[in-house]
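1. Generate a structure from the sequence data that follows.
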Amino acid sequence: MADDDYRFNGVWAKLKWNASKTCAVGVEWRTDRQLVLGFTVTAKGDETRWAPFLTSPIGLGKIDTAAGKLVWEDDRHAWLWHSNKRDGWRIDTETLQVHFLYAPAEEGNPHGQYQLGKMYLNGDDWVGVDPVKARHWLGKSADQGFARAKRLLEDL
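-> Next comes the predicted model:
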């Protein structure tokens with residue numbers, strides 16, 4: 001019989017220091033009934049903080065096809081790029097806020113905005129359910145005349 005409390009962790013991307021060497025960010029996976037991918041943030045002389053951003057019942061295989069390179073944007077923000085090199089997760093190392101960037105939506109494509117709105121509405125492999133973000137992206141799409149976004153907003 002399997003132990004219900006069996007947990008294990010692993011390093012996805014080793015710690016990388018920012019240019020000023022004041023903060024390091026890494027990526028780890030942890031298990032607790034589901035697989036959780038998160039950033040680890042360590043400021044010089046401080047304890048490490050955990051910022052989970054992706055929970056998956058699917059397992060490491062799915063994440064392995066998604067997670068790409070870990071890079072610093074500036075001394076405060078780091079990215080874990082999706083393997084498609086266009087989408088990714090951005091962390092603010094001071095607030096531990098993690099945001100998912102979906103390039104088609106960010107570039108103003110109404111279909112991409114609709115897709116991202118639906119991702120947040122239903123939760124999917126890359127983002128959790130977030131009705132506020134769902135309405136935001138569906139609204140941007142609807143404002144550009146995308147009919148499916150308008151109908152979905154009316155239904156909500």
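2. avg pLDDT for stretch 53-69?
-> For stretch 53-69, mean pLDDT is 69.
3. In this structure residue 103 contacts residue 112, no?
-> Yes: if you go by CB atoms under 8 Å, residue 103 and residue 112 touch, sitting 7.4 Å apart. Quick note: C-beta positions are derived from backbone N, CA and C, even for glycine.
4. So between those two, which is more surrounded?
-> The residue with more neighbours, out of residue 103 and residue 112, is residue 112; 19 against 15, by other CB atoms under 10 Å.
5. Buried residues in the host helix or strand of residue 105, which are they?
-> For residue 105, the host element (DSSP states H and E) is helix 103-106. Neighbour counts using 16 or more other CB atoms under 10 Å place 104, 105 of helix 103-106 among the buried residues.
6. List the neighbours of the following helix or strand past that helix that are in contact with it.
-> In the C-terminal direction, the helix or strand that comes right after helix 103-106 (DSSP H and E) is helix 110-122. Residues from elsewhere that reach helix 110-122 (CB atoms under 8 Å, 6 or more residues apart in numbering): 102-106, 126-127, 129-131, 133-141, 144-146, 148-149, 152.
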